[in-house]
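# got a structure for you, letters missing:
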């Protein structure tokens, strides 16, 4: 049984997205209540905009949110710092040697909106002996680019047992997080590295689509090579295919 839940949200210059993210997280916490112990660690990582201030003001109204500021400019280090801070709080209130087995760390991103069942679903899988839950993500269909969204779904199998890894929807048992040495200090691919590490130490991985999150479909993101880069490349490919089709139609006409 999980007694302690900690949500970690790294945020780098996310003033346009962070409040929506935190609001959805609070709703997910409320839907999962009662929980023995829960905290949301919002990590403002080397922000040059108003992200940190927005987090602090939101936290003043929602005590389960803990603001944190770090200077890394590195999503792996930001995730790890937030998780370590959460584990320190848990250790201070629960001295049981088995506390890490009863702790669940959940990671998402600042431009993401989680569903109300997000935490509940993660805990259900943890209760069925999962040590790591790899959830799914879909881009928000609010950018007026239906072709891009269609191309995304064509390229991704998002059912049960999917083969993707998204840092915006990832859960790890506290004991396994410690066992793998925490989140690696990578600017890109830290999520994949964590899942591989859990597998390497014999942890049970559950890949599910029952708590899919929705994330920004922006083309200019905060990390080169990440989700936004992939979408931009996918958009270029889609535009190229549509251009070929138009040319064929023109030639046929």
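Perfect, thanks for sending it. Since the model is a prediction, treat every value here as computed from it, not as a measurement. Numbers count the residues shown, from 1 in each chain.

# C-alpha from now on. contacts and neighbour counts both.
OK.

# what are the ranges of the strands in the protein?
Along the chain, the stretches classed as strands by DSSP state E are 4-11, 37-45, 65-70, 103-107, 112-113, 132-134, 137-139, 170-173, 205-207, 213-215.

# Show me what the first one pairs with in its sheet, parallel or antiparallel.
It stands for strand 4-11. strand 37-45 (parallel), strand 103-107 (parallel) (DSSP bridges).

# Specify the angle between the first one and strand 65-70 in degrees.
With axes from the mean of the first three to the mean of the last three Cα atoms, to 10 degrees as the basis, strand 37-45 and strand 65-70 are set at 30 degrees to each other.

# tell me the mean pLDDT for strand 37-45?
When pLDDT is averaged along strand 37-45, the result is 98.

# next one: the shortest one
Within the predicted structure, the mean pLDDT of strand 103-107 is 98.

# With adjacent residues omitted, what lies nearest to residue 160?
Spatial nearest neighbour of residue 160, chain neighbours left out: residue 208 (4.6 Å); criterion: Cα to Cα, 6 or more residues apart in numbering.

# Could you tell me how many residues sit around that neighbour?
21 (other Cα atoms under 10 Å).

# Was I right to think it contacts residue 164?
No - counting by Cα atoms under 8 Å, residue 164 is not a contact partner of residue 208; they are 10.0 Å apart.

# list residues touching both of these two?
The contact sets of residue 208 and residue 164 overlap at 134, 136 (Cα atoms under 8 Å, 6 or more residues apart in numbering).

# Flag the shaky bits of the stretch 1-150 of the chain, pLDDT-wise.
143-145 (pLDDT under 70).

# Show me where it has its helices.
For the stretch 1-150 of the chain, the helices defined by DSSP state H, counting those that start in this stretch cover 18-32, 51-61, 75-93, 118-127, 146-155.

# mind checking which of those helices is nearest residue 192?
When the helices of the stretch 1-150 of the chain are compared by Cα to Cα, helix 75-93 sits nearest residue 192, at 10.9 Å.

# tell me which residues of that closest one are tucked away?
Across helix 75-93, burial judged by 16 or more other Cα atoms under 10 Å covers 75-87, 90.

# Tell me which two in these are the farthest apart.
75 and 90 (22.7 Å).

# Pretty sure residue 77 sits against residue 182.
No - using Cα under 8 Å, residue 77 makes no contact with residue 182, being 9.5 Å away.

# could you pull out the helices for the stretch 151-253 of the chain?
Under DSSP H, counting those that start in this stretch, the stretch 151-253 of the chain gives helices at 174-179, 190-200, 227-252.
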